[in-house]
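Asker: Predicted model, plus sequence, below.
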Amino acid sequence: MPILPNRVDTNSKEFETNMSSMLEKLRIIREQELLSLAGGGDKYVERHRKRGKLLPRERIEALIDRDSPFLEFSTLAAWGTSYNVGASVITGIGVVEGVECLITANDPTVKGGTTNPFTLKKVIRASDITSTNNMVSIHLVESGGADLPTQSEMFIPGGRMFKDLTQHSKAARPTVSLVFGNSTAGGAYVPGMSDYIVMIKERSKVFLGGPPLVKMATGEESTDEELGGAEMHTRVSGLGDYLALDEMDAIRLGRQIISRLNWRKFGSGPRTLNPESPLYDPEELLGIPSADPKAPFDPRDVIARIVDGSVFDEFKPEYGTSLVTGFAELHGYPIGILANHRGVLFSQEAQKATQFIQLANQVDTPLLFLQNTTGYIVGKDYEQRGIIKDGAKMINAVSNSSVPHLTINIGASYGAGNYGMCGRAYNPRFLFSWPNARSAVMGAAQLAGVLAMVARQSAMDRGLPFDEEAAEAMRAAVEAQIESESEALFLTARLYDDGIIDPRDTRTVLGMCLSVIDKEPIHGTRGYGVFRM
Amino acid sequence: MKEIRKLLIANRGEIACRIMRSANEMGISTVALFSDPDTNALHVRCANEAFYLPGSSPAETYLNMDRIIEACQITGADAIHPGYGFLSENAQFAKKVEEANITFVGPSADSIETMGSKLSAKELVESHGVPTLKSANLTDLSKDNLCQVADDIGYPLLIKASSGGGGRGMRIVENSSQLQDQVDAAKREALSAFGDATVFAERYLENPRHIEVQVFGDSHGNIVSLFERECSIQRRHQKIVEEAPSSAITPELRHQIGEVAVNAAKSVNYLGAGTVEFLLSGSNEFFFLEMNTRLQVEHPVTEFVTGLDLVRLQIEIAQGGKLPLDQIPSEPQGHAIEVRLYAEDSLNEWMPSAGDLDLFELNTNNVRLDTGYQSGDTVPVSYDSMLAKVISYANTRAESAKKLARALREFSIAGVTTNRDLLVGILNEQEFLEGKTDTGYLQRHLPQDLSQSGNDAHRYVENYAVAAAICLQYEQRSRAKVLRELPSGWRNLVSAPQHYEFLTPGSQDPLEITYLMSRDGGIEKVTARGNAIEDVNVISGNESFLDLAVGGVRSRFTVLHKASKVHVQSVHGTITFEIKERFVEPGSVVAPGSMIAPMPGTVSKIMVELNQIVEAGEILLTMEAMKMEHTITAPARGKVVEVDIAEGSQVSSGQVLVVLMEIDGEET
């Protein structure tokens, strides 16, 4: 068996530098994630607890099976914006009664759990994961509906949340709502559109209009309980299916509902039971990515620390060596891996990728893209030899491939390389970034330089004087802006990935994704768009 | 010479297993008997063949003489060993066996009959110069006569059933006012238990020692003493600690008492194994108590100090063999101690317990274990609740006690309540070690104190709880239907550790353990009761075993999870935790004030009715279980708001019987 060798010298200066750089990035990320954990802050958390309520993550912890894993998505959504880090909702995959479920939980300590534009993005992304992976979803609802000041950005697109729920239902993806508190106005349709609704005595409030609105609209006097209390809904309106005594009882009922869904997985399961761990310490993944983003690193060192037994059958190792391709198993599941080496994609690499993607489709094997690319090569010679044609082949293959794709940005994802290596727009099932990841149309320095050159040319063309000093200041400003907008935190905040992960968790995250994907059989495509030759 | 080829053991449990062991060594085939509850019992598994006695009550099964004799005829067994208890001292049975031309491994029916009646036995041995306590038959006396006879003997006096044994039916009467009631009660009990209402009274010695002499007789006219055993430590008049030799017996006294015992045996031309029981006063006077015409429970201590196999001897003698007189040492060698491990609650009036013996494993490298149980067996309610005898042997008494205490602590026992802690407490206790053991020992030393000192494990309860949590975690992972290979409790963003809440017996406070496992399967962080435990490392582990280092000290834990209980065994003993479930199933909540059946049994009498006001301590009902009557009393003044059972109801352990609503003040 082709076992990857251990080439990482953990005593080298370089390794040490890389590791401390990575640990610093992780520290910053953890610091920001703590803001998400803190919810609406001490005051609101305290108030929430005083009402005898659990925090959203406590609800999730109680809902999922003991000692089972939980993968939370987009923990840093809305980072760097005026909204709370995490976007007042938690989404993730957890195991409930042995079923991998997509769980969403409003954080009522943040502005009453209201939905802002980032909340919506996160919820919609969770809904997409539910659809593409054919999952059960559980909604831990406690939300005051739309965040009114920003309603213009989310009200109209937000309708999709409810449409998605009923479409999940139609597609035999059961939806369960546990209503922990207010779920009013538009928010009432989250439970309203769910297949199963659990309400909590004296806690759940589900109505279209509360007492003041009703009074204003029709003059009728009413109370919360009459309009939308749990007892009313379970005894009178029939909107509620189960009446829980308290929060833990609601969670118990939620688990009970899932246990009766007769949920089965139809994928072929792992090929190897009790797979071997990688031979080398995953801790070393911290010191492999270069601290200097310009210095490439060998992705085989990464692969050796994430695949079973560090076994990697490399395909075409002598050809197009800037892209590593090959087969492996990860937590027993077969995968094909494409990983950039030395950044640039040439024609050979593009052709190799195209062939490899077809091979994986031929045998229904999921693909893992380890992005670390500066993009396709530019230059006279390359253009004349048809780099666009070869890049197009690769993008054609990626776009039409129908095996599940998983993408991890382990360093860089620039230019059309982002497309060829299955960036966000190419709908990988899951996409995560390492803390050192960057992504943009091109490098910040190049982008700023191009802009400066274009400006100078334009001035010269029009015969205008060109202020070199101002231009340099402008160039530097642009470079700084692009640099910061290329960074992992900026990108993850905007949901261009499903989250930043600790490199040491890569194998675990991928294993979880592969298991989730395994819900349905994989059917590789047998046809593509017309390949440009 | 009547060669025995196939031996039927008319008994069950440990003694049946014990007898089979010797039979196996002698090349004799064995036939076991089994009742319904014993279908899968160890003694059945140990025998070559087994014969079914339908039913569960002793009368239907192990006391069913005709069926047992038939069993011999069907299986071709040519001999019966009666063990102890059941038919072992039933002269009628011995006679029937003889008539059926089957060898009875025991004395003659005549000897059994004579010695079986305590009164006639006493009269007989008195005439052979054996000292006895003053006594009188009380069965048919009028009230006045009764008082006079009693005054003659003097108070305190002891009332005993003539056909009784094992302490049952015994009552101490302090003065004449209690006399009539106690005699009546003793007669009732004797009649129901032994089918014979004859009771008698004798002088009662305050805190004597209980000394018994093992005797053996063969059919060649030899009767010998195999020295004494001391069995003074008793609860409910049943022995729990037995040893040989006795620390109170000097060689001269041994010689003297041995001679007397042999005389007693000679009075009936005794054949086989018998035991002559004496009371030894503080001034070294001894009085004949009774003679047991069978093998005793505590025979192993004699085996150790004589080097003889008493069961083998019994069989050899039954075959017409001679006592190996040259093999018998002139003095007991070394010191043996036996403890009887009972399924019972020493802290709750020795209430017998029954149920599933989830864990029952002892390393027998250094001690002897005589038992009829294995891990996973059920302890039936129908029979005696003794689980095992553990016997140690060493040169000195102190070493023997130390060895036995350690073995008991390391005994993996779980599932039923036992007296193990009490036994360890006794073996470590100063007076015991000084040999100050008399029948008042357990009055001077309270069971709760002994049990507490006998349980070291609770000092380490937090480590035990950590071990429980970590093993439960392994179990969860190994049973996971999906994502089993992933790190336990993995989060990409950790908000809280995993946690368990455990309840320990006798404590209302749950013990909370939180733990966070690391990516590589180690422990990242552990807390107990909110306090971090530093320096915790898993060396290796799975769902039933953990090698755990805490603060540099490594120890091994065996963990067994069964339903809501988790049993943890380590070097310090066993702790059973009740797992506090995350979710409460509606309907599973027991109303406060519920009186719960302490064990399975039958409700014999209900003393209260709905809405009745009862005072604290008032008897609510009585139930019969494990051959004993138990009373359920009101813990506080209250009103009966629910009666969930009727007289004659079969109830299971934990079933709600009556619900009381506590009342403050003077409400009526």
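Answerer: Great, that's in hand.
Asker: Identify the residues contacting residue 308.
Answerer: In the absence of a named chain, this looks at chain A. Applying C-beta atoms under 8 Å, 6 or more residues apart in numbering or on different chains, we find residue A:308 in contact with A:272, A:275-278, A:328-332. (Glycine included, C-beta is placed from N, CA and C.)
Asker: The chain in question should be chain B.
Answerer: For residue B:308, the contacting residues are B:226, B:302, B:324, B:327-328, by C-beta under 8 Å, 6+ apart.
Asker: quick one: pLDDT of it?
Answerer: With respect to pLDDT, residue B:308 scores 97.
Asker: just residue B:589 next, same as before
Answerer: Residue B:589 is assigned a pLDDT of 64 by the prediction.
Asker: how close does residue A:245 sit to residue A:232?
Answerer: 16 Å (C-beta to C-beta, to the nearest Å).
Asker: now, which of the contacts of residue B:308 lie within strands?
Answerer: Among these, the members found in strands (DSSP state E) are residue B:226.
Asker: near chain B, which residues of the stretch 201-350 of chain A show up?
Answerer: Taking C-beta under 8 Å from any C-beta of the partner chain as the measure of proximity, the stretch 201-350 of chain A contacts chain B at A:245, A:248-249, A:251-252, A:255, A:265, A:274-275, A:282, A:331-332.
Asker: Now the phi/psi pair for the residue sitting furthest away from the middle of chain A, please.
Answerer: When distances are taken from the C-alpha mean of chain A, residue A:463 lies farthest, 49.6 Å away, according to C-alpha atoms, centre = their mean. Backbone geometry at residue A:463, expressed as degrees, to the nearest 10, gives phi 70, psi 20.
Asker: show me the contacts for it.
Answerer: Listed by C-beta under 8 Å, 6+ apart, the contact set of residue A:463 is empty.
Asker: Which residue, other than its chain neighbours, is closest to the residue in the stretch 551-668 of chain B that chain A sits nearest to?
Answerer: Using C-beta to the nearest C-beta, residue B:583 is the residue of the stretch 551-668 of chain B that sits closest to chain A, at 3.9 Å. Taking C-beta to C-beta, 6 or more residues apart in numbering or on different chains, and ignoring the residues beside it in sequence, residue B:583 has residue A:252 as its nearest neighbour in space, at 3.9 Å.
Asker: Now flag whichever of the contacts of residue B:308 is closest to residue A:366.
Answerer: Nearest to residue A:366 out of the contacts of residue B:308 is residue B:302 (C-beta to C-beta; 74.4 Å).
Asker: Please identify which helix or strand holds the closest residue in space to the closest one that isn't next to it in sequence.
Answerer: Excluding its sequence neighbours, the residue lying closest to residue B:302 (C-beta to C-beta, 6+ apart) is residue B:214, at 4.7 Å. Here residue B:214 sits within strand B:209-217, counting by DSSP states H and E.
Asker: likewise residue A:24?
Answerer: Assigned by DSSP H and E, residue A:24 belongs to helix A:13-37.
Asker: what packs against that helix?
Answerer: Judged by 3 or more C-beta pairs under 8 Å, 6 or more residues apart in numbering or on different chains; DSSP states H and E, helix A:13-37 is in contact with helix A:488-493.
Asker: Which residue of residue A:245 and residue A:232 possesses the greater neighbour count?
Answerer: Between residue A:245 and residue A:232, counted using other C-beta atoms under 10 Å in any protein chain shown, residue A:232 has the larger neighbour count: 21 against 16.
Asker: my guess is the more buried one meets residue A:224, correct?
Answerer: No: the criterion here is C-beta atoms under 8 Å, and residue A:232 misses it with residue A:224 at 9.6 Å.
Asker: so where do the helices sit in the stretch 51-200 of chain B?
Answerer: All helices of the stretch 51-200 of chain B, identified by DSSP state H, counting those that start in this stretch, fall at B:65-75, B:91-99, B:109-116, B:118-126, B:143-153, B:176-194.
Asker: and these as TSV, adding distance to chain A and mean pLDDT?
Answerer: Listed next are these as TSV, based on distance: least, C-beta to the nearest C-beta, whole Å; pLDDT from 0 to 100:
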stretch	distance to chain A	mean pLDDT
helix B:65-75	50	96
helix B:91-99	57	95
helix B:109-116	60	92
helix B:118-126	61	86
helix B:143-153	63	83
helix B:176-194	50	83
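Asker: Highest mean neighbour count across the ones you listed, which stretch is it?
Answerer: Most buried of the helices of the stretch 51-200 of chain B by mean neighbour count (mean count of other C-beta atoms under 10 Å in any protein chain shown) is helix B:109-116; its value is a mean of 22.
Asker: Can you tell me which residues in chain B are near chain A?
Answerer: B:472-473, B:476-477, B:480-483, B:485-493, B:495-496, B:498, B:517, B:519, B:582-586.
Asker: about what we covered before: helices or strands next to the strand holding residue B:214 in the packing?
Answerer: Packing partners of strand B:209-217 (3+ C-beta pairs under 8 Å, 6+ apart): strand B:223-235, helix B:251-266, strand B:272-280, strand B:286-292, helix B:310-318.
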